[in-house]
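# Below are the sequence and a predicted model; questions follow.
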Amino acid sequence: MKSILKKIIDLTINIKVKFNPIIFLLITLVFNSLNYFTQNATFRSVSSGSWGTSVGSPGSPWAIVSGSDVDGIPDLTDTVEILNSHTIDVLSSSNTSLAALRLNNGGVLNLNPSYNLVFYNYGTTSIFNGTVNNAGTLWFARGTNIEGTGTITSADVLIQYYNTTLNSDLIFNGSVVLSASGTLTIASTGNLILNGPIRTGNGSAVINNGTITVNTSSFFTLASFPSTTSLNSSNGNIVWNNTSTFEIPADGTYKNVTINAATSCASDFNVSGDWTNNSTFSSSSAGNNITFNGSSSQSFSGSGTNNFKKLTLDNSNGLQLSSGTINIEEVMESTSGTFSQNGANIFLKSTI
């Protein structure tokens, strides 16, 4: 039964760019039936070796520590744990599937650059504390919780159909692509560290309740729906470490903003938390307004230069101006609350 389902899944993966909800529903029903009639297994590495070498075969890196598996090779209903100092190579000539992955510190997973490693079980947690090498794709197809502080060196990440949640700091060097109504939620404990592009398709979204660290100039820019359509971040922080144009979320608000590279922005937006600028930030169009509208006292700090058109305070608990240079070209005003000058250099350049 597993082999029949695998053929169906492989066919679907090969045509995944065209999402067919009827086909996907059929596969989901078959998959749920498979889960009912089979027992899941947990595979743990006992040495380095090839993913596809079955338990008991010469050179097999696996032991089954719970459950059972007919062919002794991890597949779509199984959990895989790779221990410290072990390297597992995915050498199969087709897509490889599993339920969940636990990649421990010092563990290495070498993907097949030509195929996908597909995560299928809904609601499982995969932990990336080691290193994922090579190109290829990590495809989160049915909603997965992601944890760990490891590195995905060059593989792409594909998120489809369901919500995938990031719960910790994780470095992504390849592209992160969301399509077919896939959602990536960054939990309050999560930090999506982007060294490569992030792209979204129709119906997909990124919900930032934690932190996004942007080390790339390809942030919602390459063949993507813009951040003003796909990103929601009113409860999330942004750390900006590149010199491209500062991107604005669909809900128009970031919580805490940290600027570490010179950037400019031609749009209005709100800050509900603290502002830290250690480089140069410039509002580039007349009338651009940055509004501090938090519900508790906010702070403005950093060693950088802030070139604002308009700066508005709408917070009865006030804004502490602690450091940095603030150039106001048009208007500095409070609709609610008090500006407290505690060490910043403020230059009112407006002739208005």
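Nice, thanks for sending it over.

# My guess is residue 290 contacts residue 269. True?
Yes. With contact defined as C-beta atoms under 8 Å, residue 290 counts as touching residue 269 (6.4 Å). For every residue, glycine as well, the C-beta is placed using N, CA and C.

# Please name the strands paired to the longest strand anywhere in the chain in the sheet, noting orientation.
The strand that spans the most residues within the chain, counting by DSSP state E, is strand 325-336. Strand 325-336 has its sheet partners listed here by DSSP bridges as strand 305-314 (parallel), strand 345-348 (parallel).

# could I get the longest one in CSV with only the CA atoms?
It refers to strand 305-314. Extracted in CSV, the C-alpha atoms of strand 305-314 (Å, rounded to 0.1, in the frame of the first residue of the first chain):
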residue,chain,number,x,y,z
THR,A,305,21.1,59.0,11.3
ASN,A,306,17.3,59.2,10.8
ASN,A,307,16.2,61.4,7.9
PHE,A,308,12.4,61.7,8.4
LYS,A,309,9.8,63.7,6.5
LYS,A,310,7.2,63.5,9.2
LEU,A,311,7.4,62.0,12.6
THR,A,312,4.2,61.5,14.6
LEU,A,313,3.7,60.3,18.1
ASP,A,314,0.3,58.7,18.9
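
# Tell me the helix or strand right after it.
Counting by DSSP states H and E, the next helix or strand C-terminal to strand 305-314 is strand 319-321.

# what's the offset of that next one from the middle of its chain?
31 Å (C-alpha atoms, centre = their mean, to the nearest Å).

# Parallel or antiparallel, which strands does that strand pair with?
Counting by DSSP bridges, strand 319-321 is paired with strand 298-301 (parallel), strand 339-341 (parallel).

# Out of those, indicate the one that is most buried.
Of the strands paired with strand 319-321, the one with the most neighbours on average (mean count of other C-beta atoms under 10 Å) is strand 298-301, at a mean of 21.

# Identify, out of the strands paired with strand 325-336, the most deeply packed stretch.
strand 305-314 (a mean of 20).

# Can you give me the buried ones in stretch 327-339?
Neighbour-count burial for stretch 327-339, with 16 or more other C-beta atoms under 10 Å as criterion, is recorded at 327-330, 332, 334, 337, 339.

# Now flag whichever of these is closest to residue 310.
Distance to residue 310 across the buried residues of stretch 327-339 (C-beta to C-beta) is lowest for residue 330, with 5.1 Å.

# The closest one contacts residue 286, doesn't it?
Yes. Using C-beta under 8 Å, residue 330 is in contact with residue 286, at 7.3 Å.

# any idea of the mean pLDDT for the longest strand of the chain?
Strand 325-336 carries an average pLDDT of 97.

# Distance from it to the middle of the chain?
Using C-alpha atoms, centre = their mean, the offset of strand 325-336 from its chain centre is 34 Å.

# Residues in contact with both of residue 330 and residue 286, list them for me.
Counting by C-beta atoms under 8 Å, 6 or more residues apart in numbering, the shared contacts of residue 330 and residue 286 are residue 309.

# still on that earlier bit, now the strands paired with strand 325-336 as JSON lines including mean pLDDT and distance to residue 42?
Conversion of the strands paired with strand 325-336 to JSON lines gives the following (pLDDT from 0 to 100; distance: least, C-beta to C-beta, whole Å):
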{"stretch": "strand 305-314", "mean pLDDT": "98", "distance to residue 42": "53"}
{"stretch": "strand 345-348", "mean pLDDT": "96", "distance to residue 42": "59"}
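
# Reformat these as JSON lines; add distance to residue 107.
Converted to JSON lines, the strands paired with strand 325-336 look like this (distance: least, C-beta to C-beta, whole Å):
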{"stretch": "strand 305-314", "distance to residue 107": "44"}
{"stretch": "strand 345-348", "distance to residue 107": "50"}
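
# among these, which is nearest residue 157?
Per C-beta to C-beta, nearest to residue 157 of those: strand 305-314, 34.2 Å.

# buried set for stretch 276-295?
Neighbour count says stretch 276-295 has 276-277, 279-283, 288-294 buried, by 16+ other C-beta under 10 Å.

# Name the strands paired with the host helix or strand of residue 258 and say parallel or antiparallel.
Element membership for residue 258, per DSSP H and E: strand 257-259. Neighbouring strands of strand 257-259 in its sheet, by DSSP bridges, are strand 237-240 (parallel), strand 275-277 (parallel).

# Can you add distance to residue 344 and give those back as TSV?
Shown next, in TSV, are these (distance: least, C-beta to C-beta, whole Å):
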stretch	distance to residue 344
strand 237-240	20
strand 275-277	11
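
# quick one, helices of the stretch 1-150 of the chain?
Ranges of helices within the stretch 1-150 of the chain are 2-14, 21-37, based on DSSP state H, counting those that start in this stretch.
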